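[1] What follows is a predicted protein model with its sequence.
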Amino acid sequence: MNIMTKKIVITSEFFGKFSDEGEQLLIDAGFEVIRNPYDRFLNEKEIVSIIRDADGIICDLENINQTVIDNAPNLKIISRRGVGLDSVDVVYAESKNIRVSRTLGVVEKPVAELVMSYMLNITRKLIKTNSEMQEGRWTKYIGNSLSGKTLGLLGMGNIACELARKAKAFDMEIVYNATKRNMEAEELFGAKYLQFNDLMAYSDIVSVHVPLLESTKNMIDYNAIKMMKRAPIVINTARGPIVNEEDLCRALKEGLVSYAAIDVFDVEPKIDSCLKGVDKVILTPHIGTFTKETFIEMDVRAAINIVEYLGRT
């Protein structure tokens, strides 16, 4: 093989799981593809062991930190399968002239679908009703309609906009808080901008869609929860540390929150959350993008990002 062939290392544990389309794009572009040899989530030592000659890497949520970057002297691009960048040291990468790309336009719909499924399951009591039927009891519980309820969105980026689109079809009222007003969302979905305190007080359901930053850590803590209407629903599909897990647990036990749906945690994987075993909680293991179709689209987009960038360098 030509010694000048650029090498793309797949640190992702999910790339190519359902299709070789993404990998084939890289091969057709003349790259050598080095796959994740462990076929699972990699720690720092394992990443370092395979990326020394990498010109580009395709990653998920594994930690691409300064140590990793320093051990890849040829690295020119980090292609992230997803949209969050808290697992990548973007500032350090960019200081080394390394491009960091994301698969924008791919993850919005599946994450929004997951949030809608939480809301429907909770308000129509489907989990509880199914449990009763499975145990041989014919019990009809009165639920609640989504129509007319107020959905409070923390953040109004692409995922929140897709959720607003879906929620509007259920005749929900949309309010939001963000660092910058989204005039397009206001026009398309009738979304109303509120200050954080007002959103917390006004919403029947609060769904988190802000990035993890120092300013958003513990954004929903016990004090914020006390601002809410009595017994709202809290949903977090963004990043775990944005919602204070201990405070949410306390609020559920005290009845300040009627139900919670949590897909993300401060440390992942996490099977010992304080929310485990708490009544009226749905816990899922960070599955917002976990559909076959989305996985394939992310593979393709991550590969295209590399082909387009390295083709110009």
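    All right, it came through fine.
[2] Helices of the protein, residue ranges please.
    In the chain, the segments counted as helices under DSSP state H are 21-28, 44-50, 66-70, 90-95, 108-123, 126-134, 158-169, 183-189, 196-202, 222-225, 245-254, 292-310.
[3] can you put those in CSV and add mean neighbour count, distance to residue 235 and mean pLDDT?
    Every C-beta, even on glycine, is put in place using the N, C-alpha and C of the backbone. Below are these laid out as CSV (neighbours: other CB atoms under 10 Å; distance: least, CB to CB, whole Å; pLDDT from 0 to 100):
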stretch, mean neighbour count, distance to residue 235, mean pLDDT
helix 21-28, 18, 30, 97
helix 44-50, 16, 32, 96
helix 66-70, 17, 32, 97
helix 90-95, 14, 27, 97
helix 108-123, 20, 6, 98
helix 126-134, 13, 15, 95
helix 158-169, 21, 10, 98
helix 183-189, 15, 18, 97
helix 196-202, 17, 14, 96
helix 222-225, 17, 13, 96
helix 245-254, 18, 11, 97
helix 292-310, 21, 19, 97
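[4] can you put the ones you listed in CSV and add distance to residue 5?
    Formatted as CSV, the helices of the chain follow (distance: least, CB to CB, whole Å):
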stretch, distance to residue 5
helix 21-28, 11
helix 44-50, 17
helix 66-70, 22
helix 90-95, 23
helix 108-123, 35
helix 126-134, 52
helix 158-169, 35
helix 183-189, 44
helix 196-202, 51
helix 222-225, 53
helix 245-254, 46
helix 292-310, 11
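[5] and residue 286, which of those is closest to it?
    Residue 286 sits nearest to helix 108-123 of all the helices of the chain, at 10.4 Å, using CB to CB.
[6] ok, now which ones touch the residue nearest in space to the middle of the chain?
    Closest to where the C-alpha atoms of the chain average out (CA atoms, centre = their mean) is residue 238, at 4.6 Å. Counting by CB atoms under 8 Å, 6 or more residues apart in numbering, residue 238 touches 84, 155, 208-212, 264.
[7] Pull up the per-residue confidence for it.
    Looking at residue 238, its pLDDT reads 97.
[8] if we can go back for a sec, so which pair among the contacts of residue 238 is furthest apart in space?
    Of all pairs drawn from the contacts of residue 238, the greatest distance, 13.7 Å, lies between 155 and 264 (CB to CB).
[9] Could you chop this structure up by domain?
    Taking automatic domain parsing as the criterion, the chain consists of the domains 7-106+292-310, 108-283.
[10] re the thing from before, looking at the helices of the chain, which is closest to residue 285?
    For these, proximity to residue 285 was assessed by CB to CB; helix 108-123 is nearest, at 12.0 Å.
[11] packing partners for the closest one?
    helix 158-169, strand 233-236, strand 259-262, strand 281-283, helix 292-310 (3 or more CB pairs under 8 Å, 6 or more residues apart in numbering; DSSP states H and E).
[12] Quick one: list the elements packing against the third one.
    With contacts defined as 3+ CB pairs under 8 Å, 6+ apart, strand 259-262 has these neighbours: helix 108-123, strand 233-236, helix 245-254, strand 281-283.
[13] ok, now the last one?
    For helix 292-310, the helices and strands in contact under the criterion 3+ CB pairs under 8 Å, 6+ apart are helix 21-28, strand 56-59, strand 77-80, strand 99-102, helix 108-123.
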